[in-house]
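# Fold the following for me, if possible:
(one chain, ligands or ions: 2)
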Amino acid sequence: MKNYKLALKATIRANSNLALIKYWGNKDPYWNIPTNDSISVSLDALKSTTKLEFGDDYKDDFILNDKLLTGEGKDRIDFVLAKFREFSRFDTPIHAESENNFPTAAGIASSASGFGALAHALYEASGLAYTNDDVSRLARLGSGSAARTIHPGYAHWFAGENHETSYAKQIKPPDDLKIIVAITEKSAKPVSSFEAMELSKTQSPFFVEKAIQSKDNIEPMLTALKENDFSTLGQIAQKEANNLHAVINTTGLGIPYWNARTLELMQFVNALRENENIEAYYTIDAGPQVKILCKPESVKPIVNRLQNLEVAQDIILSGVGNGSQVM
Ligand code: ADP
Ligand code: DP6
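Ligands and ions are numbered 1, 2, ... in the order given. From the prediction side, this is the model:
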């Protein structure tokens, strides 16, 4: 019989994802077990590509955007690696290189696509049998939002109670939703999502209320997705963003993520609906970028108006993505 040598390497391309129902805070921060379920859409324009190889001579180096990763970012990689080794008993060292095609640590969920790609690459390169649930759980240990990244289209992250029960499932394949990402600032955010989440739990008077509303918004969002009801999807998504920032902005960090252009863009999107009969909704995450949800026919008129407004440094047009894939 021919003796095949396993390659023990893999390249994964993973899309970032955008939460329509927001994750914010963990009931168990060690395992990233979230306070509430969340729902996301995969973004086809925002990608992390991670090449990973196992080899006895490697030293677990991780190169991110051409630089050797050190500090907190590397600690998070090492935690995922340690857990992978514990679960799989596969403990050969790695060498990995990853590139994001969009600004890193700026509130467009590079941690989601980055840790989604890493978790998928570890399982794929190891040659072990694995499921999407395994990848989702492992990705969650690097970054909560990464739990949702493996799935094409829309994903539902079930909060669960422990590592086994906290993972994401696909709800719906890609459809024709369009997402316009207006970049107002490319530099890294002043405070990480994880740190702001932990502070929110103890400091914000609205933390518990936001989580209750997110729980209540899950069923209506699932129905809106099932019925292709863009208006309900957009209204809930915008409310979720407002609730999230009501928490963040009352956490004792001042207003850590918005800038003046963020606010101008929020008003711009509301004015599209109210004054121009263009149906669009905004959502914002832990950063100053504004993501505009709209139908395909609205992309051109919105982008024309955005360009005239001159508040966005960059505009990224995205459709619904395909999750994470082996290249
Ligand atoms: P973002 O809004 O971009 O998700 P976070 O502060 O939550 O910002 O996460 C950014 C961090 O995620 C980076 O500092 C880095 O540690 C990690 N990260 C980003 N991209 C990758 C990647 N491709 N592979 C591994 N880790 C990544
Ligand atoms: C506002 O999952 O990026 O985007 O675990 O620190 O990486 P870390 O946090 P992360 O937080 C995401 C918060 C959010 C909402 C969401 O994506 O659901």
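
# and Trp24, how far is that from Val247?
Distance of Trp24 to Val247, given as CB to CB, to the nearest Å: 6 Å. The way it works is simple: take the backbone N, C-alpha and C, and place the C-beta from them, glycine included.

# Check which residues of stretch 18-26 are buried.
Across stretch 18-26, burial judged by 16 or more other CB atoms under 10 Å covers Leu18, Ala19, Leu20, Ile21, Lys22, Tyr23, Trp24, Gly25, Asn26.

# What of stretch 173-187?
Buried residues in stretch 173-187 (16+ other CB under 10 Å): Pro174, Leu177, Lys178, Ile179, Ile180, Val181, Ala182, Ile183, Thr184, Glu185.

# Next: stretch 304-316.
Across stretch 304-316, burial judged by 16+ other CB under 10 Å covers Leu306, Val311, Ala312, Ile316.

# And those residues, which two are furthest apart?
Pairwise distances across these (CB to CB) peak at 14.8 Å, for the pair Val311 and Ile316.

# which SSE is Asp134 in?
According to DSSP states H and E, Asp134 maps onto helix 132-142.

# what's in contact with that helix?
Here helix 132-142 makes contact (CB atoms under 8 Å, 6 or more residues apart in numbering) with 31-32, 76-77, 79-80, 83-84, 87, 111, 114-116, 118-120, 122-123, 146-151, 157, 163-164, 166-170, 324.

# now swap in stretch 291-307 and tell me
If you take CB under 8 Å, 6+ apart as the criterion, stretch 291-307 is touched by 18, 176-182, 230, 233-234, 237, 265, 268-269, 272, 276, 278-285, 312, 315, 317.

# How about stretch 182-198?
For stretch 182-198, contacts defined as CB under 8 Å, 6+ apart pick out 24-26, 29, 72, 103-108, 111, 248, 251, 253, 256-257, 259, 261-262, 265, 285-292, 306, 311-316.

# Just the buried residues from the residues you listed, in PyMOL please.
The following PyMOL line selects those of the contacts of stretch 182-198 that are buried, judged by 16+ other CB under 10 Å:
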select buried, resi 24+25+26+103+104+105+106+107+108+111+248+251+253+256+257+261+262+265+285+286+287+288+289+290+291+292+306+311+312+316
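
# Which of the contacts of stretch 182-198 fall in strands?
Those of the contacts of stretch 182-198 mapping onto strands are Asn26, Val290, Lys291, Ile292, Asp314, Ile315, Ile316, per DSSP state E.

# Looking at those residues, which two lie furthest apart in space?
Top of the distance list for the ones in strands among the contacts of stretch 182-198 (CB to CB): Asn26 and Ile315, 33.0 Å.

# re the thing from before, any chance of CSV for the buried residues of stretch 173-187, columns pLDDT?
As requested, these are exported to CSV (pLDDT from 0 to 100):
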residue, pLDDT
Pro174, 98
Leu177, 98
Lys178, 98
Ile179, 98
Ile180, 98
Val181, 97
Ala182, 97
Ile183, 96
Thr184, 95
Glu185, 91
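
# For those residues, give me CSV that also has distance to Pro220 and secondary structure.
Converted to CSV, the buried residues of stretch 173-187 look like this (distance: CB to CB, whole Å; DSSP: H, G, I helix; E, B strand; the rest coil):
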residue, distance to Pro220, secondary structure
Pro174, 21, coil
Leu177, 17, coil
Lys178, 22, strand
Ile179, 20, strand
Ile180, 24, strand
Val181, 25, strand
Ala182, 26, strand
Ile183, 30, strand
Thr184, 30, coil
Glu185, 32, coil
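
# Can you lay out the residues you listed as CSV showing distance to Ser204?
Below are the buried residues of stretch 173-187 laid out as CSV (distance: CB to CB, whole Å):
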residue, distance to Ser204
Pro174, 35
Leu177, 30
Lys178, 32
Ile179, 27
Ile180, 29
Val181, 26
Ala182, 26
Ile183, 27
Thr184, 24
Glu185, 23
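
# which strand of this structure spans the most residues?
Per DSSP E, the chain has its longest strand at strand 38-54.

# Relative to whatever helix or strand comes next after it, what are the paired strands and their orientations?
Downstream of strand 38-54, the first helix or strand assigned by DSSP H and E is strand 61-64. According to DSSP bridges, strand 61-64 has the following sheet partners: strand 67-68 (antiparallel), strand 94-100 (parallel).

# out of those, deepest packed?
Counting by mean count of other CB atoms under 10 Å, strand 94-100 has the highest mean neighbour count of those, with a mean of 21.

# hmm, that strand in reach of ligand 1?
Yes. Applying CB under 6 Å from any ligand atom, one finds strand 94-100 in contact with ligand 1 at Ser98, Asn100.

# what pLDDT, on average, does that strand get?
In this model, strand 94-100 has a mean pLDDT of 98.

# Residues contacting it, please?
With contacts defined as CB under 8 Å, 6+ apart, strand 94-100 is touched by 46-55, 58-66, 77, 81, 110, 113-114, 117-118, 121-122, 125.
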